[in-house]
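>>> Could you look at this predicted model? Sequence included:
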Number of protein chains: 2
Amino acid sequence: MSQGHTDVTDQAETVDPACPVVEVLDRVAGKWAVGILVAAAKGPVRFTELERQVEGVSRRMLTLNLRKLEREGLLVRTVHPTVPPRVEYECTPMALELYETLLSLVSWAERHAVDIAHAHLVYDTEHAAPAESPERASRARVPATR
Amino acid sequence: MSQGHTDVTDQAETVDPACPVVEVLDRVAGKWAVGILVAAAKGPVRFTELERQVEGVSRRMLTLNLRKLEREGLLVRTVHPTVPPRVEYECTPMALELYETLLSLVSWAERHAVDIAHAHLVYDTEHAAPAESPERASRARVPATR
DNA sequence: CTGCATCCGCCCGGATACTG
DNA sequence: CAGTATCCGGGCGGATGCAG
């Protein structure tokens, strides 16, 4: 049991001395983690609720990410001892702060959405293009000859 | 050639209607992308230079991420037509803005470093613990009975 | 020096079935 | 309802070799 696939729930995380940003991103790296955070940011959410809202996530990955986020101290899991069982996940203050920070990323993305789209277009064009003008067929910028 | 493994260079990216954050993160998701950005933030960097600074990245992944970042319009590739060839990668203004934003993430990480570490400790303890006190061995918080 | 192509192992993550 | 366990395919990414 101590082997097999580790999934997102990597207990032994690889440290990256380069910079702490990587660490943060690695935590939220999960394709679903952010979605979960967003869904939970508005208030306590039930398991099935998440399964619907995040939508696209499998039960497995949902649970996995939930556990991970809980471990990170970003979510609090509350079990209501009722029948049928009722479990709610709630963002911690820390998570809400992170959420606010993520918003600045969104801001960045929105501000440069067109730039990025344009960049894609240019890159793809200059790249997929087999050959047009014999001169200047290379995709890279060349510095002023000096 | 038109098939096989797609790697990081996924041209056809999956759209996530949930929120734009995911998009941004997916762009920088590459374990190495951030490292590259950081290295390039200080100024134009050569290929081999990156290979050393990021350190841990294979030539393959480096190239792949470089291409991706270039496509995103975050890096500018400049080829100096000399011999031996000299290629430099430089952050675009847009990338530098992103870099600044990422710094706020670092700030968050630093502010809550201890909280996170503590959360890990608690979670791991309450979880790895096979059994100690017969009562209250469950890891979840239970809400006040009401 | 810079970069692409191929091979290939390994992990990620989806599907399914079963438990409390 | 809320998970856990198992199977298993796909692609992610390292290693290597070759080209400009």
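Looks like it came in fine. Residues are numbered from 1 along each chain as shown, chains lettered A, B, ... in the order given.
>>> quick one: A:V79 and B:P143, what's the gap?
Per CB to CB, to the nearest Å, A:V79 is found 8 Å from B:P143. To be clear about C-beta, it is placed using only N, CA and C from the backbone, and glycine gets the same treatment.
>>> Pretty sure A:F47 sits against A:V87.
Yes: with contact defined as CB atoms under 8 Å, A:F47 counts as touching A:V87 (5.3 Å).
>>> what about the strands in chain A?
Here chain A has its strands, by DSSP state E, at A:45-46, A:75-80, A:86-91.
>>> Would you mind saying which of those strands lies nearest B:G30?
For B:G30, the closest of the strands of chain A is strand A:75-80, at 25.6 Å, according to CB to CB.
>>> other SSEs contacting the closest one?
Helices and strands touching strand A:75-80, by 3 or more CB pairs under 8 Å, 6 or more residues apart in numbering or on different chains; DSSP states H and E, are helix A:59-71, strand A:86-91.
>>> model confidence over it, on average?
Taken as a whole, strand A:75-80 has a mean pLDDT of 97.
>>> Same question for that strand: list its buried residues.
The neighbour-count check on strand A:75-80 (16 or more other CB atoms under 10 Å in any protein chain shown) flags A:L75, A:V76, A:R77 as buried.
>>> Just to check, A:L74 is in contact with A:L37?
Yes: the criterion here is CB under 8 Å, and A:L74 meets it with A:L37 at 6.9 Å.
>>> Can you work out which residues contact both of those two?
A:C91, A:A95, A:L98 (CB atoms under 8 Å, 6 or more residues apart in numbering or on different chains).
>>> Okay, buried residues for the longest helix along chain A please.
Criterion DSSP state H: the longest helix present in chain A is helix A:93-111. Under the neighbour-count criterion of 16+ other CB under 10 Å, helix A:93-111 has A:M94, A:A95, A:E97, A:L98, A:Y99, A:T101, A:L102, A:L105, A:V106, A:W108, A:A109 buried.
>>> quick one: average confidence on that helix?
Per-residue scores along helix A:93-111 average to 92.
>>> just stretch A:25-38 next, same as before
Stretch A:25-38 comes out at a mean pLDDT of 80.
>>> is any part of that stretch close to chain B?
Yes: judged by CB under 8 Å from any CB of the partner chain, stretch A:25-38 comes into contact with chain B at A:L25, A:D26, A:V28, A:A29, A:K31, A:V34, A:G35, A:V38.
>>> picking that back up, could I get the strands of chain A as a markdown table with distance to B:K42?
Output for the strands of chain A, formatted as a markdown table (distance: least, CB to CB, whole Å):
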| stretch | distance to B:K42 |
| --- | --- |
| strand A:45-46 | 42 |
| strand A:75-80 | 36 |
| strand A:86-91 | 35 |
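>>> Output these as TSV; include the columns distance to DNA strand C.
As requested, those are exported to TSV (distance: least, CB to the nearest atom of the strand, whole Å):
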stretch	distance to DNA strand C
strand A:45-46	13
strand A:75-80	11
strand A:86-91	9
